[in-house]
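Engineer: please find the sequence and the predicted model below.
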Amino acid sequence: MSLVLIAEDEEALLEVFSEVVEDLGHRVVRAHNGEEALLLARTETPDLVVSDHMMPRKTGMQLLHAMRSEPTLSDVPFLLLSAARPQGREAAQTFLAKPVDLSTFEQAVSQALQHHQAAHQEAPPAAREAPNALSLAREEMLNWVAHELKTPLSSARLNTQLLLRKVQKRGIDDERRSAEAILRQLDRMNGLVTSILDASRLADGKLELKLSPTELTPFLQEFVQEWRELQPDFDFSFHALDPVEPLMLDAERLRQVLNNLVSNAVKYSGTSRHVEMGLTLNPGLVLIHVRDWGVGIPANALPHVFDRFQRADEDRGRGHGLGLFIAAALAKLHGGSLSARSTLGEGSTFTLRLPRRN
């Protein structure tokens, strides 16, 4: 049995995190702020610290730095949770963004404890140029929004997942469907908050890509198969004529772009049930297109589809008007672009252009 110190100022989250860790078979010590957590760690050295970032009387990052400065606590594994993305979070062994998935949290706790002996301290990244006062204020506001919105979402989602586990054991279909419906709506709310934060960080130039060599054709094949399983009533086709060398991409952000394009194609498909994805090559470029044969976009709305808070059809649009703005900005971060062409009543084609670099 390991000792896990959990620091979280939100009582509901502290309760559910503690319950999950205790169910894994470990002993839990609870703290409601960073200073209390540091005192408890000094009293009895934990095998793992799980800490929120935005807490009173010491943030999670301040707690981490304080522990790293004390010889007896410097090698204790640290799992940082936050709805924001605080600078220097790489110094923690593990960082999980709120709202936290139950299975992901359980796995992170188990892995951190299993690798306790091999845990090593990472040096904090080099300091960047000091931001101006306005930049700091905007970043602080983003962190506040992320914390105040995602923290209750995280608590509600974890509790719903625990409830769903219990309901599934009882085998009551009505209760299971209700819990699943709640979970879907919580995920939808989280998607909205994430989109708002992404849009703000993109506008401020604060969103960074994690680039790695990516085999595009198998990535897209897997992506299309996921949509086939998600929407079995639709016909998803994929065409790739030429082999493509690995590209330096942020795969998760690319998935975010494509998910937005395909979800729009499904949403505005009308009576059509066919969505096509294709991969072609141009000199110096890789082109990925997503085409539907649905309702199309009015000509006067087409030039504005990549604007913030813009929806092509106000009556039909159930989104928040940020998806295509974010998709276009992510394409630009990759050194590429996103374009659209459409005919009302005949469908739309969105084309993502990515640079080929040898």
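Structural biologist: Perfect, thanks for sending it.

Engineer: host element of residue 277?
Structural biologist: strand 274-282 (DSSP states H and E).

Engineer: tell me which other helices or strands that strand touches.
Structural biologist: With contacts defined as 3 or more C-beta pairs under 8 Å, 6 or more residues apart in numbering; DSSP states H and E, the packing partners of strand 274-282 are helix 216-230, strand 235-240, helix 251-267, strand 285-292. C-beta here means a position set from N, CA and C on the backbone, and glycine is covered the same way.

Engineer: outline the domain layout of this structure.
Structural biologist: The chain breaks down by automatic domain parsing into domains covering 3-114, 133-204, 212-355.

Engineer: among those, which is the most enclosed?
Structural biologist: Of all the domains of the chain, domain 3-114 has the most neighbours on average by mean count of other C-beta atoms under 10 Å, namely a mean of 19.

Engineer: tell me the average confidence for stretch 65-74?
Structural biologist: Averaging pLDDT along stretch 65-74 yields 88.

Engineer: list the helices and strands the helix or strand harbouring residue 42 packs on?
Structural biologist: Residue 42 is part of helix 34-43 when elements are defined by DSSP H and E. For helix 34-43, the elements it packs on are strand 3-7, strand 27-31, strand 48-52, helix 60-68, judged by 3+ C-beta pairs under 8 Å, 6+ apart.

Engineer: just put those in CSV and tack on distance to residue 158.
Structural biologist: Compiled in CSV, the helices and strands packed on helix 34-43 are given as follows (distance: least, C-beta to C-beta, whole Å):
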stretch, distance to residue 158
strand 3-7, 13
strand 27-31, 15
strand 48-52, 13
helix 60-68, 18
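
Engineer: nearest to residue 229, of the ones you listed?
Structural biologist: Nearest to residue 229 among those is strand 48-52 (33.3 Å), distances taken as C-beta to C-beta.

Engineer: so where's the stretch 251-358 of the chain uncertain?
Structural biologist: Within the stretch 251-358 of the chain, the ranges that satisfy pLDDT under 70 run 309-321, 358.

Engineer: which one, of the helices and strands packed on strand 274-282, ends up nearest to residue 305?
Structural biologist: It is, among these and with distance given as C-beta to C-beta, helix 251-267, at 9.3 Å.

Engineer: what sits up against that closest one?
Structural biologist: The contact list for helix 251-267, computed with C-beta atoms under 8 Å, 6 or more residues apart in numbering, reads 209-210, 212, 214, 219-220, 223, 227, 231, 234, 236, 275, 277, 288, 290-292, 294, 316, 318-319, 323-324, 326-327, 330-331, 333-334, 338, 348, 350, 352.

Engineer: and the angle for that helix with strand 235-240?
Structural biologist: Computed with axes from the mean of the first three to the mean of the last three C-alpha atoms, to 10 degrees, the direction of helix 251-267 lies at 130 degrees from that of strand 235-240.

Engineer: CA atoms of helix 251-267 as PDB?
Structural biologist: What follows is helix 251-267 as a C-alpha-only set of coordinates in PDB (Å, rounded to 0.1, in the frame of the first residue of the first chain):
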ATOM      1  CA  ALA A 251      -1.200  14.500 -34.600                       C
ATOM      2  CA  GLU A 252      -3.700  15.400 -31.900                       C
ATOM      3  CA  ARG A 253      -4.200  18.900 -33.300                       C
ATOM      4  CA  LEU A 254      -4.500  17.500 -36.800                       C
ATOM      5  CA  ARG A 255      -7.100  15.200 -35.500                       C
ATOM      6  CA  GLN A 256      -8.900  18.200 -34.000                       C
ATOM      7  CA  VAL A 257      -8.900  19.900 -37.400                       C
ATOM      8  CA  LEU A 258     -10.300  16.900 -39.200                       C
ATOM      9  CA  ASN A 259     -12.800  16.100 -36.600                       C
ATOM     10  CA  ASN A 260     -14.300  19.500 -37.000                       C
ATOM     11  CA  LEU A 261     -14.500  19.100 -40.800                       C
ATOM     12  CA  VAL A 262     -16.000  15.700 -40.700                       C
ATOM     13  CA  SER A 263     -18.500  16.600 -37.900                       C
ATOM     14  CA  ASN A 264     -19.700  19.500 -40.000                       C
ATOM     15  CA  ALA A 265     -20.000  17.300 -43.100                       C
ATOM     16  CA  VAL A 266     -22.200  14.900 -41.000                       C
ATOM     17  CA  LYS A 267     -24.200  17.700 -39.400                       C
END
